[in-house]
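> need coordinates for the following:
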Amino acid sequence: MSHREDLENTGRKILNQIRTELYLSMHFMGPALGSLQYIMDLSTTDIGTDGAFLRFNPHYLMRQYIERPRYLNRVYMHSLMHCIFRHMFTAKEHEDIELWDLACDIAAESVVDSMDYPAIQETLTDRRAAIYQNLTEHVKVLTAEKLYQYFVELDMDYNEQVRLQTEFYRDDHSFWLRLQDEEKETDAQQDSTVPPLSQQGGVSHHPKDPDAATKDNPNAIPPRQLLSLGELTEKDKEWQKNAKKIRTELAMSGKKASDETGSLERLLSFQLQKHTNYKEFLSRFRILREEPKIDLDSFDYGFYNYGMAVYGNMPLIEENEYREANRIEQLVIAIDTSASCQETLVQKFLNETATILLGPDTFFTKCEIHIVECDDRVQNDIVIRHPEDMRKYADGLSLRGGYGTDFRPVFRYVEELRQSGALRHLKGLLYFTDGFGIYPKKPTEYDTAFVFWKEEELGDDAVPDWALKLYI
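Predicted coordinates for the structure are as follows:
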């Protein structure tokens, strides 16, 4: 056995030992722990992942395993967090590479730090605790995407950026850049007549191909073997499935398990929220009825022409003055005006709603939209009878409220309107909120959806089963 093979086998044994220890502590991590293979990569000085492989330098593993084995457990978990939250697959969407790497490291470490398992536990330093406290004051949910946006807007001092990078660095992200380059290269090869490197006598990018660069010189550092675009896409899908499996298993665990897993379940729920097409969702509130408008589609031109030809100026049939239409007639939009719901988010929601309502074939010419402002009581009910008035309301937004949140008064108020006959054709109610409040227990006879802005921290876990959740 060559020296190189000895090194690789030793590295694999160390990683297998770590994986076993992590699995014994955290069974729910099984899908993630089984999704990474190991490959020695001397182009890195430590360890990193591309979503398919843990690429390791064996000298780094042996040194850390002897000096501080628990630290290696945390590094392994850190890399798994990158995969579970798919940081490497979305790296190409962010212009500032260093800021994206930093945001991903902080997001991954915040989850690992929140977990209470002896295999990965370390005392949280005062410096790191202060960093988390400062960040959570500005970014409610510490996801990589939100942290990156915050750092971009902050225009952070470079020295502070370096200090944060030093504090949170755990693994090599350079493989992510190679993934990004591989997509560009694959696209270029598809548009070119030049064969790929493996057909030109160069080194193949497929991980299973032999490492030609080290055949003649065992001590040489081999070029990195990259994933193809197809493999990259498949791994991305695999990690999405893994994240869903882990979230499902965590949701079925008890409170003790929830305390041990820290913020992982909450961040997974946030990550896996489904963005809904708001316009398509509104279509479920449509009803079919006649409206006063000439219906040329049902007009029979044959009878019309026959009458004009035989009897002169006497058509036998004229256009229908009414036509059937499938549109929204009545709708209630409730707005959470409590102190916890930001007015800027309400403004975004109303702007998007107004844009949709002003679109063609959404509402009847005469409609009835109730915009109910409510915190712990109904503060205001603005009735809009023409879709264009929705834009005026959104532009002149001035909310009443600012106290606690109780969703029940809105439903009692709407029921009073229904009983009085004011909302006889109501098909649905949309309640825009951050989710923190008291929900009604009794199901409604019309569709009810609690609407959340996807990029914010939410209290959507308490939404009753009979109501819909809508993330926009």
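> where does the stretch 351-472 of the chain have low pLDDT?
Along the stretch 351-472 of the chain, the parts satisfying pLDDT under 70 run over 358-366, 399, 401-402, 454-458.
> in it, which spans are strands?
Listed in chain order, the strands of the stretch 351-472 of the chain (DSSP state E, counting those that start in this stretch) span 363-374, 378-384, 428-432, 447-452, 468-471.
> would JSON lines of the ones you listed with distance to residue 285 and mean neighbour count be doable?
(Glycine included, C-beta is placed from N, CA and C.) What follows is those, written out as JSON lines (distance: least, Cβ to Cβ, whole Å; neighbours: other Cβ atoms under 10 Å):
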{"stretch": "strand 363-374", "distance to residue 285": "10", "mean neighbour count": "20"}
{"stretch": "strand 378-384", "distance to residue 285": "15", "mean neighbour count": "16"}
{"stretch": "strand 428-432", "distance to residue 285": "4", "mean neighbour count": "23"}
{"stretch": "strand 447-452", "distance to residue 285": "7", "mean neighbour count": "22"}
{"stretch": "strand 468-471", "distance to residue 285": "11", "mean neighbour count": "17"}
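> nearest to residue 412, of these?
Among the strands of the stretch 351-472 of the chain, strand 378-384 comes nearest to residue 412, with 8.5 Å by Cβ to Cβ.
> got the CA coordinates for that closest one in CSV?
Once non-C-alpha atoms are left out, strand 378-384 reads as follows in CSV (Å, rounded to 0.1, in the frame of the first residue of the first chain):
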residue,chain,number,x,y,z
VAL,A,378,-61.5,45.9,15.1
GLN,A,379,-60.1,49.4,14.6
ASN,A,380,-61.4,50.2,11.2
ASP,A,381,-63.4,48.8,8.2
ILE,A,382,-62.9,50.4,4.9
VAL,A,383,-65.2,49.3,2.1
ILE,A,384,-63.9,49.5,-1.4
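> in JSON lines, list the strands of the stretch 351-472 of the chain along with distance to residue 248.
What follows is these, written out as JSON lines (distance: least, Cβ to Cβ, whole Å):
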{"stretch": "strand 363-374", "distance to residue 248": "34"}
{"stretch": "strand 378-384", "distance to residue 248": "38"}
{"stretch": "strand 428-432", "distance to residue 248": "27"}
{"stretch": "strand 447-452", "distance to residue 248": "20"}
{"stretch": "strand 468-471", "distance to residue 248": "17"}
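> closest to residue 50 out of those?
When these are ranked by distance to residue 50, counting by Cβ to Cβ, first place goes to strand 468-471 at 29.9 Å.
> would you put the C-alpha positions of that closest one in PDB?
The C-alpha coordinates for strand 468-471 follow below in PDB (Å, rounded to 0.1, in the frame of the first residue of the first chain):
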ATOM      1  CA  LEU A 468     -54.800  27.900   5.000                       C
ATOM      2  CA  LYS A 469     -51.300  29.300   5.100                       C
ATOM      3  CA  LEU A 470     -50.100  31.600   2.300                       C
ATOM      4  CA  TYR A 471     -46.500  32.800   2.000                       C
END
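> would you map out the domains in this protein?
With automatic domain parsing serving as the domain definition, the record reports that the chain contains domains spanning 3-191+226-248, 278-289+328-471.
> on that earlier part again, out of the strands of the stretch 351-472 of the chain, which is closest to residue 46?
For the strands of the stretch 351-472 of the chain, proximity to residue 46 was assessed by Cβ to Cβ; strand 468-471 is nearest, at 37.8 Å.
> what sits against the residue nearest the centre of the chain?
For the chain, the residue lying nearest the average C-alpha position, counting by Cα atoms, centre = their mean, turns out to be residue 271 (4.1 Å). Taking Cβ atoms under 8 Å, 6 or more residues apart in numbering as the criterion, residue 271 is in contact with 85, 143, 243.
> now rank those by neighbours and give me the top one.
When those are compared by neighbour count (other Cβ atoms under 10 Å), residue 85 ends up highest, at 24 neighbours.
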